[in-house]
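Student: Fold the following, please.
(chains A and B)
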Amino acid sequence: MDVPARLAPFFARRGWSLHPHQAEMLARSDEAALLLIAPTGAGKTLAGFLPTLSELAEDPRPGLHTLYVSPLKALATDIRRNLLAPVEDLDLPIRIEDRTGDTSQSARRRQRADPPHILLTTPESLALLLSYEDAPKIFGSLSRVVVDEIHALAESKRGDQLFLSLSRLDALAPGLRRVGLSATVDDPEEIAHLLARNPKPCAILYADPGERPDLSMLDAGRAPPWAGGAALHAIPAVLEQVRRHRTTLIFHNTRAQAEVFFHNLWLQNDEGLPIAIHHGSLSREQRQNVEAAMLRGDLKAIVCTGTLDLGIDWGDVDLVIQMGGPKYVKRLVQRIGRANHRAGVPSKAILVPANRFEVLECTCAIDAALENDLDGTPRGSGPLDVLCQHILIRACAGPFAADDLYAEIRTVGGYTDLSRAAFDDCLEFCATGGYALRAYDRWKRLMLRDGVWQLRDPRAAKRIRMNIGTIEDSGSLSVRLRSGTHLGEIEEYFASTLTPGDTFLIGGQVVRFEGLKEMTVEVTRRPDSNPRVASFGGGKFPTSVALTRRILDLLQRPSWPELPRHTAEWLGLQRRFSKLPQAERMLVETFEAEERWHAVFWGFAGWNAHQTLGLLLTHRMEQRDLDPLGFVATDYALLITGLRELEDPASLLGPRDIREGFETWLQSNAVMKRTFRGVATIAGLIEKNLPGSRKTGRQATFSTDILYDTLVKYDPDHLLLRVTREQAQHGLVDFGRIEEMLSRIQGRVDHVRPARVTPLAAPLLLERGRVPVAGAARERLMAEQAARLLEEAGIEAL
Amino acid sequence: MNGTAFSFTLNGTGCLALPSGALFVPSEDLLCVSDLHMAKSERMARRRGIMLPPYETRATLDRLGQDIATTKPRCVVALGDSFDDLAASEALDPEDRDRLLTLQEGRRWVWIEGNHDAGRNAHGGEGGECLAVAGLTFRHIATTEPTPGEVSGHYHPKFGLPGFHERRPCFVVDARRLVLPAYGTYTGGLDAREPVLRTLFADRALAVLTGPRALPVPLPTARPLSRRA
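Tutor: Numbers count the residues shown, from 1 in each chain, chains lettered A, B, ... in the order given. Okay, here's the model as predicted:
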């Protein structure tokens, strides 16, 4: 298909022609659901919008025509700018506006009364729009919805919420066409299933995958350190690469690592190369300043995290550096695409392993990326906490019949198998809390009147709207200078460990903690050579199952000519003194070092699952008086430290015992409570901590841990506990990965008892983040410290 | 309870801080608990439309029942904010109501009024703004002028040991006065170092942490949490 006549002059003036996939998107614009899979830089977004521009150019009738949804606010703004180019160039009577959390109140009101032709928004802002009583009026004329970066949304509850919202849009605008734009993924069918109005199908369209990327591992001139994730040894080599390229994006896996690297990078940046930092915990002003400087071409490099993974067109980036193991091949491929954001030029990326293990991970990730062997994250069916929120949002918009809503929800990919009983449980939870003790008959939130459900008190709608969204807030506090300048946010937990005078890094500067003032962390600027590393929240992803498998395969090769010599020799030594881990067996090494006994379980199940396994195994050891002191988890192994040798590790690894530990003892652990907090907030049991809504005196608020403990004791079958247990299969608890490991090893345990620490295990002894074992030993330590403090203070009695 | 409780003297009267957060005065066979905040979930539902698990009264009475069974007091003093408000006290679940009356059988029961539950509730016992017994004065909120032997609640103090990353509800005590931790299940806490609380006490003061055992630790001396540079 050719460029539509009305748009042709714009294409002609720019010397553009249509890519084949763009032409096909135009030709098939009538299809009810269409998913486009295209690499970064292939003109995906234009492909999504061409049918809209063409239709509106022919018939600019008033009312909302196309809704564009993306995971990032910044993307909505960016796309608006790009769309305005043809519209202004051709003088088309098309109104394009964005609507995000940053849009002013007056603009929002106007948009509801008089919607633009094209509205650009986020899943949360869309859910909010759908909660208004005038939603039928706003969306009645809607003809197309375009979901950008659908692969990123599909991985999270934000996607589940969005797909539920699409089912609502369908009801308001029959005949609505759905379009999804996705990066290259391992399982396009799964995303098509989510985009489809089930049971109707969704067609998939593939763009040309483009040039093979230019991938390599950084030669830092010396071996990386044994452990740690900062990769500071590579700074001179990274600076050299930055110097040699026009613009470089330096990706880190966590915000804390980005801060540490950036701080140290500047200490060595003798030439003063313009390099900035960008991550999700920095203030909006600071991020916008960096983005603007980037667009102007003022920066040589940005140290960043996943917030720059998606969409925004940075134009001139010609090198991507990935610091540390990429964890997911899929994510690596998407990051690589940030460089040479144009079709026809190969993207260039350099991987920088931060330690010896990451040399293995980077090697395997490069192979996988070149073979386009992407890893998937299996997700179960649609989560019920998101469904509860959807029901509440529906109730805000007006009365509804349960049968209608149930039918609507069953068209959503994640909920096609939702039973009526499960739906009714969610509805009951929204109405009365769903407790075995029916305490809220007078104060129920929803009530059934004349066969339709509605809010008992319409004023409740305001509170429900304030709580819309599924992004988990890990409890963060704002950091401000005394002058009032907002610097960013740190985790509440980290803030609670600060005492006045402590220094920490944020946004690349060292600040001194002065005090807490009304839930704000007050700081002053203060250079210090040894600042602490703040925790910023943001996820810590475990290495994917597929990438782990590749590493295990690599370990089993007879020799490793493809690896750097230091790493190949290291593996050779391990083979000589112990064994190399295998996929189908569990290698356990026990040895004495530094006057402690250590047991290393080479589980290769990812950080989260090893953390959970550590809790379960040390608990069993404590029960058997084996005196565990603590453990350290990495993506590859679990190291348990104790006072005695673990003589029979196989006896700890019985699948039945581990599962029983998960069902019983683990339920009272902090990781479950944290999972519950997310579930309870999304489902609407508790309210998000909104800025300004929190009391300054803390008496009034209490922890959700208490709610969890109370439910476990008095209402163990409550819906939200069932949802919490279900979600513990993934995410923080990741029990599903433990199951995957158990089914791999089938009870085959190799116990090796070397005379001293093995080459492979040595880095684990240097890892930070040791988890102490709770229990009798901890209480004893607390009592000892309390006695010591009393003695120091000279207080024996009052 | 000996061995797990912390024993101290206030205005000449021997006292035991129990690990549960209750105070026991052996010479009077008196048990004192503060800030029960019963029926908080009902008030939250009524006022804010939030439906928390409605089991906090039951959970609080379960723990109080255990302390009563262990100490067998002749007198129980509830030190104010026993109910989240008076309307909540009226809406108590019948089972919880009966449970409360059973606990009162055979002993004196005093409801001290708090800021949440000022006035008289309909759950037996006697009421009042303060009570003086054996050199101790029980009231809900500490007065600014130090009364020797003053026992109060209201602040929900919490404190943690350096390095353990965990704050627990605690008693705060010096030679003159005592502030009890909140006993209710649905209660949060205020850091005992916060000036509004810390300045009530002399430099030499103790926080007694609740938990598996009552754990006394010195409370850092009062200093402003923020200081002008």
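Student: Now do residue A:715: how many residues are near it, please.
Tutor: For residue A:715, the count of nearby residues is 19 (other Cβ atoms under 10 Å in any protein chain shown). Glycine gets a C-beta too; all of them are placed from N, C-alpha and C.
Student: now the closest residue to it other than its chain neighbours: how far from residue B:84?
Tutor: Excluding the flanking residues, the one nearest residue A:715 by Cβ to Cβ, 6 or more residues apart in numbering or on different chains is residue A:436, at 5.1 Å. Residue A:436 sits 22 Å away from residue B:84 when distances are taken as Cβ to Cβ, to the nearest Å.
Student: between the two, who's got more neighbours?
Tutor: Neighbour totals were compared for residue A:436 and residue B:84, and residue B:84 leads with 26 against 13 (other Cβ under 10 Å).
Student: my guess is the more buried one contacts residue B:121, does it?
Tutor: No. Using Cβ atoms under 8 Å, residue B:84 is not in contact with residue B:121, being 11.5 Å away.
Student: Quick check: phi and psi at the residue of chain A at minimum distance from chain B.
Tutor: For chain A and chain B, the shortest gap (Cβ to the nearest Cβ) falls at residue A:515, measuring 2.8 Å. The phi and psi values for residue A:515, taken as degrees, to the nearest 10, are phi 170, psi 170.
Student: Show me the beta-bridge partners of it.
Tutor: Going by DSSP bridges, residue A:515 is paired in beta bridges with residue A:522.
Student: wouldn't it be in contact with residue A:522 here?
Tutor: Yes. Taking contacts as Cβ under 8 Å, residue A:515 lies within contact range of residue A:522: 5.3 Å.
Student: Neighbours of residue 128, how many?
Tutor: Just so you know, I chose chain A. So residue A:128, with other Cβ under 10 Å, has 21 neighbours.
Student: oops, I was thinking of chain B
Tutor: 13.
Student: Next, give phi and psi for it.
Tutor: According to degrees, to the nearest 10, residue B:128 has phi 170, psi 170.
Student: who does it bridge with?
Tutor: residue B:112.
Student: Look up how far chain A lies from it.
Tutor: Applying Cβ to the nearest Cβ, to the nearest Å, the value for residue B:128 to chain A is 23 Å.
Student: I figured that residue was touching residue B:114, is that so?
Tutor: No. Here residue B:128 lies out of contact with residue B:114, judged by Cβ under 8 Å, at a distance of 11.8 Å.
Student: And the helices in chain B, which stretches?
Tutor: B:40-48, B:56-71, B:86-90, B:94-104, B:195-198 (DSSP state H).
Student: my read: residue A:148 touches residue A:82, true?
Tutor: No. In this structure, residue A:148 is not within contact of residue A:82 by Cβ under 8 Å, at 11.6 Å.
Student: Which one of those two is surrounded by more residues?
Tutor: residue A:148 (26 against 12).
Student: List the contacts of the more buried one.
Tutor: A:44-45, A:48, A:68-71, A:75, A:79, A:181, A:311 (Cβ atoms under 8 Å, 6 or more residues apart in numbering or on different chains).
Student: of the residues you listed, the lowest pLDDT goes to which?
Tutor: The member of these with the lowest pLDDT is residue A:311, at 57.
Student: SS state for residue A:457?
Tutor: coil (DSSP: H, G, I helix; E, B strand; the rest coil).
Student: Next, count neighbours for it.
Tutor: By other Cβ under 10 Å, neighbour count at residue A:457 equals 12.
Student: The nearest residue to it once chain neighbours are set aside and residue A:296: what is the separation?
Tutor: Nearest residue to residue A:457 in three dimensions, chain neighbours excluded: residue B:49, at 6.3 Å (Cβ to Cβ, 6+ apart). Noted for residue B:49: a distance of 49 Å to residue A:296, by Cβ to Cβ.
Student: what does residue A:615 give?
Tutor: 50 Å.
Student: Could you do residue A:532 as well?
Tutor: 34 Å.
Student: Over to residue A:363?
Tutor: For residue A:363, the distance to residue A:296 - Cβ to Cβ - is 37 Å.
Student: re the thing from before, of the helices of chain B, which is nearest chain A?
Tutor: Closest among these, using Cβ to the nearest Cβ: helix B:40-48, at 3.9 Å.
Student: Give me the contact list for that closest one.
Tutor: A:439-440, A:442-443, A:463, B:50-56, B:84-85, B:87-88, B:91-92, B:184, B:186.
Student: circling back: just want to know which of residue A:515 and residue A:522 has more residues nearby.
Tutor: Neighbour count, other Cβ under 10 Å: between residue A:515 and residue A:522, residue A:522 has more, with 21 against 15.
Student: wait, doesn't the more buried one sit right on residue A:484?
Tutor: No. Taking contacts as Cβ under 8 Å, residue A:522 lies outside contact range of residue A:484: 9.9 Å.
Student: what ranges of the stretch 501-650 of chain A fall below the confidence cut-off?
Tutor: A:518, A:529, A:536-540 (pLDDT under 70).
Student: quick one: residue A:94 and residue A:66, what's the gap?
Tutor: Counting by Cβ to Cβ, the gap from residue A:94 to residue A:66 is 10 Å.
Student: which residues do the two both contact?
Tutor: Counting by Cβ under 8 Å, 6+ apart, the residues touching both residue A:94 and residue A:66 are A:56, A:117-118.
Student: Considering these, which is situated nearest to residue A:319?
Tutor: Closest to residue A:319 out of the shared contacts of residue A:94 and residue A:66 is residue A:118 (34.4 Å), distances taken as Cβ to Cβ.
Student: For the closest one, list the residues it contacts.
Tutor: A:49, A:52, A:56, A:64-68, A:83, A:94-97.
Student: Out of these, which is nearest to residue A:591?
Tutor: residue A:68 (58.0 Å).
Student: what about that closest one, is that helix, strand or coil?
Tutor: Quick answer, by three-state DSSP: residue A:68 is strand.
Student: Could I get the contacting residues of it?
Tutor: A:48-49, A:76, A:79, A:118-121, A:145-146, A:148.
Student: min pLDDT across the residues you listed, which one?
Tutor: Within the contacts of residue A:68, pLDDT is lowest for residue A:76, at 79.
Student: Specify the local secondary structure of it.
Tutor: helix.
Student: Help me confirm that it comes into contact with residue A:70.
Tutor: Yes. Between residue A:76 and residue A:70 there is a contact under Cβ under 8 Å: 5.7 Å.
Student: Which one's more surrounded, those two?
Tutor: residue A:70 (28 against 25).
Student: Can you tell me the closest non-neighbouring residue to the more buried one?
Tutor: residue A:148 (4.1 Å).
Student: Roughly how far does the one you found sit from residue A:205?
Tutor: 15 Å.
Student: now swap in residue A:784 and tell me
Tutor: Counting by Cβ to Cβ - residue A:784 and residue A:205 are separated by 67 Å.
Student: what about the two, which has more around it?
Tutor: Per other Cβ under 10 Å, whichever of residue A:784 and residue A:205 has more neighbours is residue A:205, with 19 against 10.
Student: A strand includes residue A:222, no?
Tutor: No. Counting by three-state DSSP, residue A:222 is located in no strand; its state is coil.
Student: How about the contacts made by the closest residue to residue A:612 other than its chain neighbours?
Tutor: What sits nearest to residue A:612 in space, not counting adjacent residues and going by Cβ to Cβ, 6+ apart, is residue A:733, at 5.3 Å. The contact partners of residue A:733, by Cβ under 8 Å, 6+ apart, come to A:608, A:612, A:666, A:671-672, A:675, A:727.
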